[in-house]
Every structure is written in C-alpha cells, then in structure tokens.
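1. Mind folding the following:
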Amino acid sequence: MKVGFLVSSISRDAGGLFQSVRGLAKAVASTNATVHVFGISDEQSALDSEEWRPLSVQTFRPQLRAWGYANQLVPAMLGADLDVLSVHGLWKYCSVASRRWHQRTDRPYVIHPEGMLEPWALRNARWKKRIAALLYENQHLREAACLRALSEAEALSFRAQGLSNPICVIPNGVDLPDLSESNAGSGSHNRKTLLYLGRLHRKKNVANLIHAWNHTFNSQACKSDNWILAIAGWNQSGYESELKRIAAVPSIVFLGPQFGSDKSKCYRTCDAFILPSLSEGLPMTVLEAWAYAKPVLMTPECNLPEGFTAGAALRVGPDPEEIADGLKSIIEMSDNDRRAMGARGRDLVATKFSWPRVGEQMRAVYDWVLGGGAPPATMRLD
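-> Coordinates of the predicted model:
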C-alpha cells in the first residue's frame, strides 16, 4: 500500500503537527506501508526534514505563501501513484490539492482536521474560514472517504458541523523515552518547576495561567515560593511581549522555543506540566509530559478525559481563579504523590497512546476505505 501524507508544513513552523503527523507517518510505515510525505517549504524545512528520515519527503516552494499554494504539488502527488491520501489540517491550498488529486485518480482521501473544526478554532479568523468553506473546504470535507477525530469529543464536533462521513476515532501517539537517565526535577536553586510548553497563542490561555500564578505566588497560604513557572514556546503575533508585561513576579521565566534535546531536557527536569488551553484537538505536549512520567494539570478542553479517570491529571478550569486552585493543589501535593500521578500517566501512554498501536489502527482504516469489509472498531458510522 502506498500512502501519501499531505501537510502544509513539515517543519517546526507547523507547531504540534510537526510531532503528530511525523509520528503517525512513521507508525503507518512500520505496518509495511510505503509512505510519501508532501509539504510546502518554509525557512525551517531543510533543517527539520532530517527528522522525517527514513521516509520519502518532498517540499515545494509556494507561489502564495500565506495560502500555501505551490503549483508543483498536485503533479508530484499524481506521479507517486498513491493508493490513499492522508490530509492533515484545513483552510489552505492542501485542501484544494487533495481534492484535485482525488478527481484525477478516483482514489480516496482521509482528512485529519487536527482540531480545526473545534468551536473555538472556527471562531478564530471566522470570516476567512467562512469564505474558504464556501469556496472549497465544505466540498473537500464532504467528499472525504473518512474523517479522523482525535477524540470522541472531536467526533461530535464533526457531526455538529453537519458532516455525515464515516469517522474514525484514533488519538495521537507518543514514543516512550528511556527514563534510566535522570528524570528528577530541576533542583534549580532548590526550587521545583511547573512547565508550560507550546505555542504562545491566545487559545493556549497562557495569560490566565500567569494571572493565576501571580495570585498564587502572592498568597501567604501556599508554599509557592519554592516553585518557578517555566514558559517554553515560540512567539506568535507578538503575544510573548504581552505575556511578559503581565508576569509580575520573578518566579516566572521565559525559555523561548525548545526543540529536540532541549525540549527533552525541559520535560526531564520539570516537576509538573500544565496546559490550560481553551481549545485543543488532542495535545501532543500532554502525552509527552506523561511519557516522561510527569503529573499534569489541564482543562477539559484538552480532550483527554482518560487522564482524569486514570488519576494522571488534575482538572482545572480556564479562569484564573480555577487555575489557581489547581496550582495550589499540585504545589501542596507531596513529592511521592506527584511521582505516583506521573507514573499513572506513563502507564496510560503505554497502553493507549503508543505509536505502534496508533499506526495499526490507522492502517486498518486505510485498508477499509480501499477494500471495504467490516469496519474497524475505531469507526463511527452513525
């Protein structure tokens, strides 16, 4: 089987998709499928293409960068003689390209919206998305052989949009790192570290996290002076400068973007992880934190209810007061209790979110859209 993976960027500029799409492509390739990756080139493509080895990766210079239009993209996909195409993300030229490929080949494509049909995401740049929907995206979605949801909640979002396609519910995966190396907290100045890692974007709700931290740090009822909040992420639209203005205490540090071994060190040396997002598909950073056996604080909008059920995460609301309650809980928890929570997270990743498991599930969906037969257990046909 020849599977094409189409994504607007193969580099770190894609945010979480850099991890999730690459991991899925390699996991599918391990099921004895031949995988070809197609993307639009950007400033980081040459550097980050090495991370995709040994997969075949082609990138194309865009003529319209903001939309991701590249006139060589469709001919390259046609030349690869693909059996099925896996399309990641919405609202850009990749949607038009995948439908053109389908019209020329009469072969199926599977769309991975990657959280882009969630209500918060649809409200962001709403008018641009409405125009794109009318021009091409609605038809692109309707003609998909299958839509992949990262969670049951995302599947419900698809149905709420009026989409009647078959839906497979398959989460992202993550590799389990070797923890034989030191995995203890930072111990920097004998202080513990709460880590946020991800894009510095309004939907991540980092401003309310900082407001909550300021409140907690100034509270005499909490031992917050033993902790620092480390914010690691890449700046989007000048949001970092706004966050720095409201960071009123010296216990908040900005680390900048972290990749590769630097990112691994962040996870290894932190004592807990937080993601207070307003909207997510299924966040890779939470899975990564669990893989490093770290306790997690997150909002229900992260779409990982399994973490709460397993006792691997503390639930926080999106408001500063609700986040502050979660901060107080994790800070006052004993070291042993935090370690036990992190261990439950690692066990959860090993049983449900490992890439080999996810790759087999996705391969079964490709087999089904190509050959029919009984639908896989991940399918939702109603």
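
2. so where is this protein shaky, pLDDT-wise?
-> 181-189, 220-224 (pLDDT under 70).

3. try it again with 50
-> Applying pLDDT under 50 to the chain flags the ranges 187.

4. Tell me how it divides into domains.
-> Following automatic domain parsing, one finds the domains of the chain at 2-173+354-380, 192-352.

5. now the first one, how far from the chain's geometric center?
-> Yep, that's domain 2-173+354-380 we're talking about. On the basis of CA atoms, centre = their mean, to the nearest Å, domain 2-173+354-380 sits 14 Å off its chain's mean C-alpha point.

6. Kindly report the same for stretch 290-308.
-> 13 Å.

7. quick one: buried residues of that stretch?
-> Within stretch 290-308, the residues that count as buried by 16 or more other CB atoms under 10 Å are 290-299, 301-304, 306-307. All C-beta atoms are positioned from the backbone trio N, CA, C, and that covers glycine.

8. try stretch 361-374
-> Buried residues in stretch 361-374 (16+ other CB under 10 Å): 361-369.

9. before we move on, back to that, would you turn the domains of the chain into TSV with distance to Ser180?
-> Supplementary listing: the domains of the chain in TSV, determined by distance: least, CB to CB, whole Å:
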stretch	distance to Ser180
domain 2-173+354-380	19
domain 192-352	11
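
10. Any idea which of those gets closest to Leu179?
-> Smallest distance to Leu179 across these (CB to CB): 6.4 Å, for domain 192-352.

11. mind checking the end-to-end distance for that closest one?
-> 29 Å (CA to CA, to the nearest Å).

12. So what does Gln72 look like in phi/psi?
-> phi -90, psi 0 (degrees, to the nearest 10).

13. Could you give the number of residues near it?
-> Gln72 has 14 neighbours, counted by other CB atoms under 10 Å.

14. Please, where are all the helices along the stretch 1-150 of the chain?
-> Secondary structure of the stretch 1-150 of the chain (DSSP state H, counting those that start in this stretch): helices located at 17-29, 45-48, 73-79, 93-105, 119-123, 126-132, 138-142.

15. actually the stretch 251-382 of the chain, sorry about that
-> Using DSSP H, counting those that start in this stretch, helices in the stretch 251-382 of the chain cover 260-269, 284-291, 305-309, 320-332, 335-352, 355-371.

16. Go through the ones you listed and name the closest to Leu55.
-> Going by CB to CB, the one of the helices of the stretch 251-382 of the chain nearest Leu55 is helix 355-371, 12.8 Å.
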